[in-house]
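> Everything below, folded, please.
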Amino acid sequence: FVKSVGFGPEGRYIATGSEDATARVYEVADGRLAYTVAHGAPVFYASFSPNGVVFMTGSKEGTIKIWDGATGTFINSLQGHRSNVTNVMFSPDSTRIASASRDQTVKMYALDAPGQETVARTAAAIRSASVSEDGTRAALVLMNRTLEIRDTQTGSIVSAFAAYAPGGGYGAALSPDGRY
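Below you'll find the model as predicted:
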């Protein structure tokens with residue numbers, strides 16, 4: 001069962017994250033399997049960095065793994081969440097990762113330094129998230145049927161919208177300028 005799908009930056013590759021604890025990367029032109037990585041737990045999110053150098057997976061057990069974008073070779077494992085990682089996103093310059101989780105936190109990781117920082121705690125589990133192209137805003141879809149727009153530097157709520165749909169929402173997106 002495929003949980004996520006995402007294109008590489010130039011459209012050459014497409015990545016899938018699956019319940020079977022793997023992520024697969026395919027050549028878009030011919031559908032050929034380029035490589036498979038074994039995360040070790042169901043993969044809820046898979047994404048390439050904007051520069052295509054690395055590829056990352058976020059999983060049910062709360063870890064994020066970094067892989068070489070061209071070969072799938074394991075690079076590093078990032079810890080910090082206590083529940084499902086529901087989204088992982090790169091900063092536009094490919095130097096930082098933002099992750100959202102059902103543990104009600106958004107965390108930031110620098111690729112060139114160890115550790116992480118919690119930039120936001122929410123009132124409910126995070127189902128989905130999106131970061132603006134300029135990296136200044138994050139849209140968070142919460143399990144309590146709330147959509148929050150957060151400042152990524154301070155974690156503060158810029159705006160919030162309640163009761164958007166029965167049963168809750170499943171996706172978030174921001175306009176390119178991060179305003180909407």
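
> could you measure the spatially most distant residue from the centre of the chain against Val2, distance?
Most distant residue from the mean C-alpha position of the chain: Asp30, 26.4 Å away (C-alpha atoms, centre = their mean). To Val2, Asp30 is 19 Å away according to C-beta to C-beta, to the nearest Å. (Glycine included, C-beta is placed from N, CA and C.)

> Find the helix or strand that the nearest residue to Val5 once chain neighbours are set aside is a member of.
Leaving aside its sequence neighbours, Val5 sits nearest to Thr16 (C-beta to C-beta, 6 or more residues apart in numbering; 5.2 Å). Secondary-structure assignment from DSSP states H and E places Thr16 in strand 13-18.

> The helix or strand just after that strand: partners in the sheet, and parallel or antiparallel?
With elements assigned by DSSP H and E, the helix or strand that comes after strand 13-18 is strand 22-27. Here strand 22-27 has these sheet partners by DSSP bridges: strand 13-18 (antiparallel), strand 33-38 (antiparallel).

> measure the residue lying closest to Ser156 once chain neighbours are set aside to Ile75 for me?
Leaving aside its chain neighbours, Ser156 sits nearest to Arg150 (6.8 Å; criterion: C-beta to C-beta, 6+ apart). According to C-beta to C-beta, Arg150 stands 28 Å off from Ile75.

> ditto for Pro92
Pro92 sits 20 Å away from Ile75, going by C-beta to C-beta.

> ok, now Ala138?
Counting by C-beta to C-beta - Ala138 and Ile75 are separated by 24 Å.

> What of Gly52?
14 Å.

> same question, Gly69
Taking C-beta to C-beta, one finds Gly69 at 10 Å from Ile75.

> Fine by me, thanks again.
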